[in-house]
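Student: starting from these lines, generate the structure:
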Amino acid sequence: MGSKEDARRVSGSLLDPRVIDPRQELVRHDDLSDDDLAQVVQVLTAIRDWREAEQRLSFESRSTMKLNDTDMKALRYIIASVNAGVAVTAGALSEHLHISTASTTKLLDRLERAGHIERRPHPTDRRAVTVAITEETHQQVRRLMGKQHAQRFEVARAMSPAEREVIIRFLTELTAVATPVQVTE
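Tutor: Okay, the predicted model is just below:
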């Protein structure tokens with residue numbers, strides 16, 4: 001049996017190709033110096049740590065408000081639309097969330113019952129209804145999510161334009177390779 005220290009050492013090395021792919025079947029790393037390889041692993045570890053912190057924050061915010069992920073996305077979209085002076089309709093919300101109109105209706109019914117949104121007559125179309133967030137929910141979302149966004153903004157703001165360009169390129173390229181791998185047998 002391994003010790004707790006051994007378990008921590010393995011857990012901390014799950015992103016190191018020397019551990020997860022020592023024969024370099026997937027990740028070529030023999031052309032990197034030990035320092036370069038260690039730095040690449042640090043980048044990957046930092047991404048994992050940020051992603052896990054972001055997931056914890058998202059879970060805590062949703063739990064506090066008793067919402068699921070789609071509910072929270074809907075509320076953020078409604079807030080952004082209101083801030084942009086755009087009326088939110090069920091159709092626009094359905095399109096934004098990539099869910100059916102039936103699912104959107106259920107979502108809106110659930111949010112309305114919980115006191116998070118109100119349905120109102122559309123200002124220009126008598127047949128349509130708009131969706132508005134309640135003031136209490138708006139303030140709660142701002143407290144839970146707004147402050148975090150402001151802090152992230154300040155981190156990005158503190159970087160030089162050249163540093164931001166490198167990060168933009170890096171994250172854009174990571175996004176491009178974040179596609180499910182097709183396993184063939």
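Student: this structure: helices as residue ranges?
Tutor: Here the chain has its helices, by DSSP state H, at 4-12, 17-20, 34-65, 69-83, 90-97, 101-113, 135-141, 147-157, 161-177.
Student: from the contact counts, what lies against the fifth one?
Tutor: Other helices and strands packing on helix 90-97, by 3 or more C-beta pairs under 8 Å, 6 or more residues apart in numbering; DSSP states H and E, are helix 69-83, helix 101-113, strand 129-133. C-beta here means a position set from N, CA and C on the backbone, and glycine is covered the same way.
Student: make it 7 Å
Tutor: Packing contacts for helix 90-97, counted by 3 or more C-beta pairs under 7 Å, 6 or more residues apart in numbering; DSSP states H and E, involve helix 69-83, helix 101-113.
Student: of all the ones you listed, which lies closest to Glu165?
Tutor: Of all the helices and strands packed on helix 90-97, helix 69-83 sits nearest to Glu165, with 25.5 Å by C-beta to C-beta.
Student: what's the angle from the closest one to helix 147-157?
Tutor: 70 degrees (axes from the mean of the first three to the mean of the last three C-alpha atoms, to 10 degrees).
Student: adding mean neighbour count, write the helices of the chain out as TSV.
Tutor: Converted to TSV, the helices of the chain look like this (neighbours: other C-beta atoms under 10 Å):
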stretch	mean neighbour count
helix 4-12	10
helix 17-20	14
helix 34-65	12
helix 69-83	17
helix 90-97	16
helix 101-113	15
helix 135-141	15
helix 147-157	10
helix 161-177	10
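Student: would you single out the least confident of the ones you listed?
Tutor: The minimum mean pLDDT among the helices of the chain belongs to helix 4-12 (a mean of 68).
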